[in-house]
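Trainee: Give me coordinates for this.
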Amino acid sequence: MDSRVTIYDIAKETNVSAVTVHRALNNTGRISPKTKQLILDTAKRLGYKVNTAAQGLRRQPIKIGAILFCPVEEYVDAIIDGIAASGEELDKYNVSVDIKKIEYTNNKDCLKATCEHIKTFSENNFNGIILFASSFMDEMQELFAFIKEVSEKGVLFATVANDIPIEEKVVHVGINAFMAGSMAAEMLDFSCRGKDVALLAASNDSPINKKYIDGFMSYAENNVFSNIGIYEHYDDKQRVVEVTKQMLRENPDLSGIYMTTASSALACQCVKDMNKAGLSIITTDLLRETPELLRSRVANAAIFQNPFKQGKNVVRFLYNYITTKTGGGVHLLSPHIILSSNISSYIF
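Mentor: Model (predicted):
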């Protein structure tokens, strides 16, 4: 593209006024189809493109808020990094992104803080709000009601990572959890066919965890494994340790484990501390401990959910929806398998 080409160049080339060129390029005003097509063809031939950054500066500022809480610090921080990266890229378009990370204490307090931030964003005329609420559905009724109230004032809502079932949501960006669960089952099938396996999940009440489990069970439905145990730990650090130990005690013939959340590093440490060598373990996410877990063979593989990209994409899709009403709906990333042999490609 030649950045020096302007609407005046196109007007001169087509022998029409600059106003007519502007109308054709922006699909506004009355203009004959023949003249419009001539202008569009000429603009393309000359390499002209609309300066979207300049358009952004001319319009009213767009304000996007993001509110996030999760007991797994590394995971939520990676999402925040992605959101911030998109915010920096969109700054030239007169877009600001305000991120509120709620330090995790308990779900009740975090949900209360979420409502308070939503209220503040709404009072300050934010166009859209992104939510990552790592909580259980039965605890969110007050949040659901508040979102409905605020959305009636014109605020658009998007979710990232955890898909909250609300009608007011225009965008969701997450991982294909069903696929992740199926991948984990297939990997365990290589070494654990006909043997006992178990799943360490946050909660059956969580929509995303249910999809992990459903994906695993779908692959395993033809008696791939002799027994499948499911253990919930709610991503509570103390409970992760307790439940992992309970799982190992109750299943002396256990051959493999699928750990569906980023609490997997803590669970792996429990396996290691209890000297349970020889287990096939599939973990979730790339954490500080993941490289060593894979290289030392404590874990066989990790399913990478790319939280940075989830955060980056949700801002982009919400921005597009705010400005053009496109890009709405559910956008799921495909999970990747990380092994000790390729982990260097994911570490920067």
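
Trainee: okay, CA-based contacts and neighbour counts for the rest of this
Mentor: Fine.

Trainee: got the contact list for Gly256?
Mentor: Leu188, Cys192, Asp196, Val197, Ala198, Leu279, Ser280, Ile281 (Cα atoms under 8 Å, 6 or more residues apart in numbering).

Trainee: ah, wrong one, I meant Pro207
Mentor: Asn162, Asp163.

Trainee: The stretch 101-250 of the chain: strands as residue ranges?
Mentor: Using DSSP state E, counting those that start in this stretch, the strands assigned to the stretch 101-250 of the chain run over residues 128-133, 156-160, 169-175, 196-201, 227-232.

Trainee: In the sheet, which strands lie alongside the third one, parallel or antiparallel?
Mentor: Translated: strand 169-175. In the sheet, strand 169-175 lines up against strand 156-160 (parallel), strand 329-333 (parallel) (DSSP bridges).

Trainee: Glu221: which of those strands is closest?
Mentor: The minimum distance between Glu221 and the strands paired with strand 169-175 falls on strand 329-333, with 24.2 Å, by Cα to Cα.

Trainee: mind saving the C-alpha coords of the closest one as PDB?
Mentor: C-alpha atoms of strand 329-333 as PDB (Å, rounded to 0.1, in the frame of the first residue of the first chain):
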ATOM      1  CA  GLY A 329     -20.300 -15.500  19.500                       C
ATOM      2  CA  VAL A 330     -18.100 -18.300  20.900                       C
ATOM      3  CA  HIS A 331     -14.500 -18.600  19.800                       C
ATOM      4  CA  LEU A 332     -12.700 -21.700  21.000                       C
ATOM      5  CA  LEU A 333      -8.900 -22.300  20.700                       C
END
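
Trainee: Tell me the buried residues in the helix or strand just after that strand?
Mentor: The helix or strand immediately downstream of strand 329-333 is strand 336-338, counting by DSSP states H and E. With burial defined by 16 or more other Cα atoms under 10 Å, the residues of strand 336-338 counted as buried are Ile337, Ile338.

Trainee: gap between strand 336-338 and the chain center?
Mentor: Its chain's C-alpha centre and that of strand 336-338 lie 16 Å apart, by Cα atoms, centre = their mean, to the nearest Å.

Trainee: A strand includes Ile282, no?
Mentor: Yes - read with DSSP: H, G, I helix; E, B strand; the rest coil, Ile282 is one of the residues of a strand.

Trainee: and the residue in the chain sticking out farthest from the centre, how far is that from Asn26?
Mentor: The C-alpha centroid of the chain is most remote from Asn15, which lies 49.5 Å away (Cα atoms, centre = their mean). Relative to Asn26, Asn15 is positioned 18 Å away (criterion: Cα to Cα, to the nearest Å).

Trainee: closest to Ile99 out of the strands of the stretch 101-250 of the chain?
Mentor: Nearest to Ile99, of all the strands of the stretch 101-250 of the chain, is strand 128-133, at 9.1 Å by Cα to Cα.

Trainee: Pairing partners for the closest one, with directions?
Mentor: The strands beside strand 128-133 in its sheet (DSSP bridges) come out as strand 62-69 (parallel), strand 156-160 (parallel).

Trainee: any idea of the mean pLDDT for it?
Mentor: In this model, strand 128-133 has a mean pLDDT of 96.

Trainee: just stretch 62-82 next, same as before
Mentor: 94.

Trainee: Return the set of residues that bridge with Gly128.
Mentor: Beta bridges link Gly128 to Ile64, Leu156, judged by DSSP bridges.

Trainee: what's it in contact with, if anything?
Mentor: By Cα under 8 Å, 6+ apart, the neighbours of Gly128 are Lys63, Ile64, Gly65, Val155, Leu156, Phe157, Ala158, Leu318, Ile322.

Trainee: Single out the most deeply packed of the strands paired with strand 169-175.
Mentor: Comparing the strands paired with strand 169-175 by mean neighbour count (mean count of other Cα atoms under 10 Å), strand 156-160 ranks first with a mean of 26.

Trainee: ok, residues contacting that one?
Mentor: Contact with strand 156-160 is made by 127-132, 151, 168-174, 310-311, 314, 318, 322, as judged by Cα under 8 Å, 6+ apart.

Trainee: By mean pLDDT, flag the weakest helix or strand of this protein.
Mentor: helix 52-58 (a mean of 55; mean pLDDT, DSSP states H and E).

Trainee: ok, which stretches of the stretch 201-348 of the chain are helices?
Mentor: Taking DSSP state H, counting those that start in this stretch, the helices of the stretch 201-348 of the chain run over residues 207-219, 237-250, 264-273, 290-295, 307-324.

Trainee: Mind checking these for the one nearest to His331?
Mentor: Going by Cα to Cα, the one of these nearest His331 is helix 307-324, 8.6 Å.

Trainee: Can you tell me which helices and strands the closest one packs against?
Mentor: helix 73-90, strand 128-133, strand 156-160, strand 169-175 (3 or more Cα pairs under 8 Å, 6 or more residues apart in numbering; DSSP states H and E).

Trainee: Give me the pLDDT value at Tyr48.
Mentor: On the pLDDT scale, Tyr48 gets 83.

Trainee: wait, isn't it in contact with Tyr8?
Mentor: No - Tyr48 lies out of contact with Tyr8 (Cα atoms under 8 Å); the separation is 11.0 Å.
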